[in-house]
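>>> turn this into a model:
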Amino acid sequence: MIDDDYPEIGKSIFGGVGSEGEASLETDWRSASGYRHAYQTAADKLVQDLGESGGFSDDDPDVLVYPVLFLYRHCLELRIKETLLCLRILQDVQPEIPEGHGLAGLWKEARRRLLEHSEGTGEWDPFVPDLEARILEFHTIDKDSTGLRYSFERDGAKTLSSFPNRSGAKDKSISLAHVKSVFADMDAVFELIYLTLDNALTARGIYLWDM
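Numbers count the residues shown, from 1 in each chain. Have a look, this model is predicted:
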């Protein structure tokens, strides 16, 4: 006889339909835009919950820092790829989903095509240098989306070794609330870009929610 404290055998990880926390996989959010919104929402909620509860323990911010930063980084990667895909379509380039995870390389092409598209008249143009600086900050600490997921790089080097020490902070400490705030500013610039590109695509009969 198995004690009640032992795990239940044969229970599917994707079962439990009708129980607390049920969520649909066939959702209207299942698009390029929906995925990046979901990652940002998850990160925002984790940071918000930490601020409201003070953490379940003193260690909570440290425990959550890697998942939160990864969620924001992945959202940023999806934002850049979404922008790049839209621009490729508008510029009659083969509309393939951009490959790779390097933020600097993806952004380099996206910025070039963005400037070609706007010809310096985009509402977002004054914000692009600062947006680029923040993107490169993320790229510096995690160049190919492994640094926030693993403790070692493929070559055996320890990840996040390039993360700078902040003045007046303990070794490599950050404020997750500050990250959330700055990311919201970045997202606002991307949203300006998104709406303009979306309007241009819609005029061609192409809808982002179908991607």
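>>> residues making contact with stretch 197-211?
The contact list for stretch 197-211 (CB atoms under 8 Å, 6 or more residues apart in numbering) reads 31-33, 82-83, 85-87, 89-90, 117, 194. All C-beta atoms are positioned from the backbone trio N, CA, C, and that covers glycine.
>>> if I pick the residue nearest the centre of the chain, what's in contact with it?
Centroid-nearest residue in the chain, with CA atoms, centre = their mean: residue 75, separated by 1.5 Å. By CB under 8 Å, 6+ apart, the contact list for residue 75 reads 36-37, 39-40, 43, 183.
>>> show me what the helix or strand harbouring residue 104 packs onto, helices and strands only.
Using DSSP states H and E, residue 104 sits within helix 103-118. Helix 103-118 sits against helix 60-90, helix 128-141, helix 176-202, with contacts defined as 3 or more CB pairs under 8 Å, 6 or more residues apart in numbering; DSSP states H and E.
>>> distance from the chain centre to the lowest-mean-pLDDT helix or strand in the chain, please.
Taking mean pLDDT, DSSP states H and E as the measure, the helix or strand of the chain with the lowest value is helix 32-53, at a mean of 87. Relative to its chain's centre, helix 32-53 lies at 10 Å (CA atoms, centre = their mean, to the nearest Å).
>>> buried stuff in it?
Across helix 32-53, burial judged by 16 or more other CB atoms under 10 Å covers 32-33, 36-40, 42-44, 46-47, 50.
>>> what's the neighbour count on residue 149?
Using other CB atoms under 10 Å, residue 149 is surrounded by 13 other residues.
>>> surely it is in a strand?
No. If the criterion is DSSP: H, G, I helix; E, B strand; the rest coil, then residue 149 is coil and not within a strand.
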